[in-house]
Every structure is written in C-alpha cells, then in structure tokens.
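# Just need the structure, nothing else, for what follows:
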Amino acid sequence: MKELLPDTLTLNGRQYDAAALREWAGQETPFPDPLLGKLRAFLREWLDEDSRITLKTSGSTGPPKLIRIEKARMINSARLTGDFFGLKPGMKALLCLSPDFIAGKMMIVRAMLLGLDLVTTHVEANPVKELDQTIHFTAMVPLQVAGILQHNPQKFSLLPSLIIGGGPLPPSLEAQLQGVSTRCWHTYAMTETLSHVALRAINGPGRSEWFKPMEGVSVALDARGCLLIDAPALAPGKVITNDLAELDGQRFRILGRIDDVIISAGHKLHPALLEQKIGRVVTTPFFLAAEPHPRAGQRLVLYLEGDFNEKNTSALMDQLKALLEAHELPRKILSIPRFKYLESGKIDRRGSIAS
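Prediction:
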C-alpha cells in the first residue's frame, strides 16, 4: 500500500490540520520575511498530487541544477534523522535555512512527519539573536555557527542538538565548539541523498574526525578513490560522488574534491586538506584556489576576506611556513574586502575571485 504523506504541521506553536495547512499554503499574501514565503511555496509543492518533487542543488561546485526526487524518499530520510536524534512529537525544530535547498526542505518534512513544532527565524549569519526558547533540533551552516559564537554564544544553551553542514568545518570553529553545551555533529550530505547520510560528533562523547554512515547506508571507494554511497531508502542506485575519501571499515574521512585537485610543479595538492591546516592560524573566512603559471602549470593562491596589507600577509606567510611543507605553501596571498556567498551559505569561490 502506498504510504500517505504527512499533511499537517505545527508552525510557531500553531497547529494546522490538513485542510488548514492547504488553505494557508494556497494564500498569495506576501510575507515581510521571505523565509515564510519560501516555506509556503514548498508546502504547495509537497501537498500537490505529484509523487515527486523538484530539488535544486546548492551550486557550490558549479551552476545549480534541478533534479526530481520521490517524496516518499524524503520521508525515509526524515525518519532516519528522527530515530538517530530521538525526536518526539511536541519537540521544537528550528528553520533557519532556506527551503529553496534540501536542508531547509528536510527540516519542514521532519516537522510534519515527526510532529515537531517548527519554529521559524531568519536566514542570516546570526539566526538565533532573538531566540528565547529551547529548540531541540537545529541545522545550520558554519557561517551561522560562527555568527552565534561571535555575537550571542550564550544562546547555545537553548540548542541541545545541532547539526552543521554545507561544507568543511574550519578547525578554529570546531575548537570553539568544544566549550559549548550543545551537542554538535558535522554532516556529510548532498541534495541527491536528501540531506545527511553520515555524521561525526564534533564535541562531547564520541568526538571523532571520522564520519559514520546512518542506518541502512553503506560506503565504498571507486577506482578514482572517490566515495560511493549506497542508500537504497534514499536514492535509486549508488550515488557517485567526486569526493576523495579515506575509509576505515565503514567510517570515512573526506580528503577533498577530485575536481579541486591542484597540480603544481608535479605536486598534487588537495585544497580541502590544506585549508584544514591553514584554519589553525587563520580565523577570517578564506579559501585556496589555483591560478595558471607558465612553469609550474598551476600555483596555489590564498584568498582572505577583509583588508590585509603587505605586513599582515608577510607575517601570515611566516606562520604558514611553520605549518606546511614547502610545496604546500601558497605562492600568493590576496585579500578581497567581502567574499560573495551562495544562497546556501557557502563561499562562492569563483564569484569572489571574479569580483
């Protein structure tokens, strides 16, 4: 028998039965906060007669694209998360990520399936500045977590469980999270797998550098050394990634994207690994990229967000020489007053360089 999709929702403390939710989703009155408008647009698509839904990839590795996914698979993903975190009816979940992308959509589906009270805030760098209630389950990107640590670290007391995704976690940020009461997990996730398929504990008991697949998910490496994901409940067939990985049984670590590998003077450099090292001494947003070089083929460039003079960058280079092998050192350090960011919260590397 075909599983019925959930069609009720508790939103900011107000319960909507099926009829009321359809009526609310069908309204055209604009909201002052665009998040609620995007929530309503998602609900219209969720509640229609189509068994599939259109999802947009994040655009972090190229132009965003649209894919079609069965709604029933999103239910499977929501159930996996609910089981892992022990989410029960009446608990509160925070929506501070755009419903345009899978992370925001899945928070809505979890609330509908599990009977959670979905609390909305703003999609911004510090989404909890006005929060005054305990939220049992929250998902954020690193930029938002950094904003809370900088401006309202006391708000972590209102967040018992937090998952952080959308990209690598800077070591400096991970170090700061050792001092908060919130249990934090880093997620391995993508649109094609309907949010996270693996988690690693960032702090507290079980803290680890290794991701552990969720129930019913298995991983392997392909001939390139990239991660293969087998998650029958979430995706048809194996999901082929471009993420170079190291396996330890069914645990894994991400080494970087195969299409980001930089070949400089015969040395193969993985920007993601080097960024983890550089993050020990650089606290401002930054990233590594390559530029063409007539002799080396490519050379490594470190881009910093902000205004840095030659004295600042020279001092930083001295620090990096103590951290990195000679062939790993950036050949240039450039500053950009303000990076461009994707809607998902990730740095738009190509756009930032082009600006």
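# Please, which helix or strand holds residue 274?
helix 271-278 (DSSP states H and E).
# buried stuff in that helix?
Neighbour-count burial for helix 271-278, counted by 16 or more other Cβ atoms under 10 Å, picks out 271, 272, 273, 274, 275, 276, 278. C-beta: built from backbone N, CA, C; applies to glycine.
# Give the residue farthest from the middle of the protein.
residue 295 (37.1 Å; Cα atoms, centre = their mean).
# residues in contact with that residue?
By Cβ atoms under 8 Å, 6 or more residues apart in numbering, the contact set of residue 295 is residue 265.
# Walk me through the domains of the chain.
Residue ranges for the domains of the chain, per automatic domain parsing: 9-257, 261-354.
# Could you give the separation of the last one from the chain centroid?
Translated: domain 261-354. Put simply, domain 261-354 sits 21 Å off its chain's centre (Cα atoms, centre = their mean, to the nearest Å).
# repeat for stretch 162-172
Worked out by Cα atoms, centre = their mean, stretch 162-172 lies 7 Å from the chain centre.
# same check, this time on stretch 167-176
With Cα atoms, centre = their mean, you get 13 Å for stretch 167-176.
# List the buried residues for it?
In stretch 167-176, counting by 16+ other Cβ under 10 Å, buried: 167, 168, 169, 170, 171, 172, 173, 174, 176.
# State the phi and psi torsions of the third one.
The reference is to residue 169. phi -100, psi 120 (degrees, to the nearest 10).
# From residue 317, how far off is it?
Distance of residue 169 to residue 317, given as Cβ to Cβ, to the nearest Å: 25 Å.
# For burial, what's the neighbour tally of residue 29?
The criterion is other Cβ atoms under 10 Å. On that basis, residue 29 has 6 neighbouring residues.
# helix or strand for residue 105, which one?
Residue 105 belongs to helix 102-114, assigned by DSSP H and E.
# thinking again about what came up before, export only the CA atoms of the helix holding residue 274, formatted as CSV.
Provided in CSV are the C-alpha atoms of helix 271-278 (Å, rounded to 0.1, in the frame of the first residue of the first chain):
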residue,chain,number,x,y,z
PRO,A,271,42.8,22.4,-1.1
ALA,A,272,40.4,21.0,1.4
LEU,A,273,43.2,19.3,3.4
LEU,A,274,45.4,22.4,3.2
GLU,A,275,42.5,24.6,4.3
GLN,A,276,42.1,22.4,7.4
LYS,A,277,45.8,23.1,8.3
ILE,A,278,45.6,26.8,7.5
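# Does anything pack onto it? Which helices or strands?
Counting contacts by 3 or more Cβ pairs under 8 Å, 6 or more residues apart in numbering; DSSP states H and E, helix 271-278 packs against strand 251-257, strand 286-293, strand 297-305, helix 310-323.
# Now the element after the longest one, going C-ward?
Same thing as helix 310-323. Scanning onward from helix 310-323 (DSSP H and E), the first element met is strand 332-336.
# Does anything pack onto the helix or strand following that following strand? Which helices or strands?
Remark: after strand 332-336, the chain's next helix or strand is helix 349-354, criterion DSSP H and E. Counting by 3+ Cβ pairs under 8 Å, 6+ apart, the packing neighbours recorded for helix 349-354 are strand 286-293, strand 297-305.
# buried residues in helix 349-354?
349, 352, 353.
# Looking at those residues, which is nearest residue 102?
Closest to residue 102 out of these is residue 349 (20.7 Å), distances taken as Cβ to Cβ.
# The helix holding residue 274 to strand 286-293, inter-axis angle?
130 degrees (axes from the mean of the first three to the mean of the last three Cα atoms, to 10 degrees).
# Report the central residue of the protein.
Centre-nearest of the chain using Cα atoms, centre = their mean is residue 166, 1.8 Å out.
# correct me, but that residue touches residue 103?
Yes. Applying Cβ atoms under 8 Å, one finds residue 166 in contact with residue 103, separated by 7.1 Å.
# The stretch 51-200 of the chain: helices as residue ranges?
Using DSSP state H, counting those that start in this stretch, the helices found in the stretch 51-200 of the chain span residues 71-85, 102-114, 142-151, 171-176.
# Can I get the ones you listed in CSV including distance to residue 203?
CSV is the format used below for these (distance: least, Cβ to Cβ, whole Å):
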stretch, distance to residue 203
helix 71-85, 15
helix 102-114, 21
helix 142-151, 12
helix 171-176, 8
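# Could you identify which of those is most buried?
Comparing the helices of the stretch 51-200 of the chain by mean neighbour count (mean count of other Cβ atoms under 10 Å), helix 102-114 comes out on top with a mean of 25.
# So for that helix, mean pLDDT?
For helix 102-114, mean pLDDT rounds to 97.
# ok but residue 244 is inside a strand, no?
Yes. According to DSSP: H, G, I helix; E, B strand; the rest coil, residue 244 belongs to a strand.
# Now do the contacts for it.
224, 225, 226, 227, 254, 255, 256, 257, 258, 261, 270.
# now residue 253
209, 210, 211, 245, 246.
# pLDDT score for it?
Residue 253 is given a pLDDT of 94.
# Please apply the same query to residue 257.
Model confidence at residue 257 (pLDDT) stands at 86.
# residues in contact with the residue nearest to residue 120 when sequence neighbours are not counted?
Closest residue to residue 120 apart from its sequence neighbours, by Cβ to Cβ, 6 or more residues apart in numbering: residue 95 at 4.9 Å. Shown in contact with residue 95 (Cβ under 8 Å, 6+ apart): 35, 39, 104, 107, 108, 111, 118, 119, 120, 121.
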